[in-house]
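Undergrad: model the structure of this input:
(one chain, ligands or ions: 1)
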Amino acid sequence: MRVGVFDSGLGGLSTWLACARLLPEAEYFFFADTAHAPYGDRSADEVRQLTEAAYQHFSALGVDALVIACNTATSAAVAPLRQQAAMPVIGIEPAIKQALAASPGEVLLLATELTVRGEKLARLRREWDTEQRVRPLACPGLMEIVESQAADWRQQAAAYWQHHVAPGLGASQAIVLGCTHYCWLREEIRTWSGGLPIFDGNDGVARQLYRLLHRQEPGGPGALPEELVLRLRASAAATEKRAAARQLLRSSGAEVEVLPY
Ligand code: DGL
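TA: Okay, the predicted model is just below:
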């Protein structure tokens, strides 16, 4: 079975790893729309059109399911896309439900500008955040730091945290990573926040993919397969993206193969 995984960049590789742990038998194709990233600074209409174009790309590849490994694209585009898609489309959304259930206090949600102002988050909050405990904070520029994989990207992210996030941490008791790029800073964010519990939507996506493809409930995630290959297409800077993906995936042992776009 073939599964397409889509993000504006490499952040969604964190979602791909969660899927590969739960469904190691699937053949995955990852598309990073690097020519148009970051999505978080664009309008909802633009992101809808870009997501629609990505869907056409995967449709031509003949995948059995599409994972939108981008909270921003899910927020702007998943509903209209599902109306016309000929395959299951699984989106990712900020794990506020899980964070609210696990913590009695304030929950800090880190996401892109577009996700923070999107109607999808407003709906999610009306449903689950009736006590108004979620505090969304847009983090423009943070995605780019992860995406660059510059030699000092972790130091850049630490400086970003100090200036942009730490002053507003306040009484937060949990943190939701509402952008798949931020998942690559999970351990750092735990440390910088003084050990707060961290939530993201990656496992939820993998479980939903499993349900849709196997028509049964998944068990727990297993280990990554020994021979794990990332088939990567990028709409710009493919050679740099290959190097950046290899760096991000180093501890997973995944090989990165770049395919022509
Ligand atoms: N990785 C994307 C997300 O989960 C967005 C990054 C961007 O393109 O702004 O929201």
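
Undergrad: what parts of the stretch 101-250 of the chain come near the ligand?
TA: Within reach of the ligand by C-beta under 6 Å from any ligand atom, the stretch 101-250 of the chain has these residues: 112, 115, 143, 179-181. The way it works is simple: take the backbone N, C-alpha and C, and place the C-beta from them, glycine included.

Undergrad: run the last query once more with 5 Å
TA: 112, 143, 179-181 (C-beta under 5 Å from any ligand atom).

Undergrad: let me know the closest of these to residue 34.
TA: Minimum distance to residue 34 across those is 11.5 Å, recorded for residue 143 (C-beta to C-beta).

Undergrad: list the contacts of the nearest residue to the closest one once chain neighbours are set aside.
TA: In this structure, residue 143 finds its nearest non-sequential neighbour in residue 181, 4.3 Å apart by C-beta to C-beta, 6 or more residues apart in numbering. With contact taken as C-beta atoms under 8 Å, 6 or more residues apart in numbering, residue 181 is in contact with 9-11, 142-143, 146-147.

Undergrad: let me know the pLDDT of the residue nearest the centre of the chain.
TA: Centroid check for the chain by C-alpha atoms, centre = their mean gives residue 180 as the closest residue, at 2.6 Å. On pLDDT, residue 180 comes in at 98.

Undergrad: isn't it right next to residue 18, touching?
TA: No: between residue 180 and residue 18 there is no contact under C-beta atoms under 8 Å: 10.0 Å.

Undergrad: shared neighbours, the two?
TA: Jointly contacting residue 180 and residue 18 under the rule C-beta under 8 Å, 6+ apart are residue 202.

Undergrad: helices of the stretch 1-150 of the chain, start to end?
TA: 13-22, 44-61, 71-84, 96-102, 113-117, 119-128, 142-148 (DSSP state H, counting those that start in this stretch).

Undergrad: residue 217 is nearest to which of those?
TA: Per C-beta to C-beta, nearest to residue 217 of these: helix 13-22, 11.3 Å.

Undergrad: what angle do the closest one and helix 71-84 make?
TA: 60 degrees (axes from the mean of the first three to the mean of the last three C-alpha atoms, to 10 degrees).
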